[in-house]
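Predicted model, plus sequence, below.
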Amino acid sequence: MRTTYIVTYDIADSKRLRRVFKTCRDYGDHLQFSVFECQLDPREFVLLESELKSLINAAEDQILFIALGPAEGRGSRVIRSIGQPYVKWDAPCYIA
């Protein structure tokens, strides 16, 4: 079964950023600067996560995997991260 993931990243070094971008491009659709939508089976997910882990500096970079549920439907969202931990922002956003 394929699952839809939003993969988003914050990479501190431009060389690592290019490598992460190219790897994500191989697995999914580029949505925004650092955001991809990937429909992956469990084996592909493990491969992508492993490749990305080998490219980043875990002390400086962050990659989030947001599970949207089965590719043919939607399920509950689960957010996993590698590198820096995911921190939920509860503060409101103000646009001036």
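Sure, I can see it.

Can you show me the strands along the chain?
Counting by DSSP state E, the chain has strands at residues 3-10, 29-32, 35-40, 62-70, 78-83.

Which one of these lies nearest to residue 20?
With CB to CB, the closest approach to residue 20 among these belongs to strand 3-10: 5.5 Å. C-beta: built from backbone N, CA, C; applies to glycine.

quick one: contacts of the one helix or strand in the chain whose mean pLDDT sits lowest?
Here the helix or strand of the chain ranked lowest by mean pLDDT, DSSP states H and E is strand 78-83, holding a mean of 81. Here strand 78-83 makes contact (CB atoms under 8 Å, 6 or more residues apart in numbering) with 49, 52-53, 56-67, 86.

angle of that strand against strand 62-70?
160 degrees (axes from the mean of the first three to the mean of the last three CA atoms, to 10 degrees).

which regions of this structure lie under the pLDDT threshold?
For the chain, the stretches with pLDDT under 70 are 73-77, 88-96.

switch the cut-off to 80
Along the chain, segments meeting pLDDT under 80 span 73-79, 86-96.

give me every residue that touches the nearest residue to residue 24 once chain neighbours are set aside.
Spatial nearest neighbour of residue 24, excluding adjacent residues (CB to CB, 6 or more residues apart in numbering): residue 36 at 4.5 Å. Residue 36 sits next to 6, 7, 8, 24, 25, 27, 28, 29, 30 when contact means CB under 8 Å, 6+ apart.

among the residues you listed, which ones are buried?
In terms of neighbour count (16 or more other CB atoms under 10 Å), the buried residues within the contacts of residue 36 are 6, 7, 8, 24, 27, 28.

how near is the closest residue to the last one other than its chain neighbours to residue 27?
It refers to residue 28. Using CB to CB, 6+ apart and skipping the chain neighbours, the partner closest in space to residue 28 is residue 38 (3.1 Å). Look at residue 38 and residue 27: by CB to CB, to the nearest Å, they are 5 Å apart.
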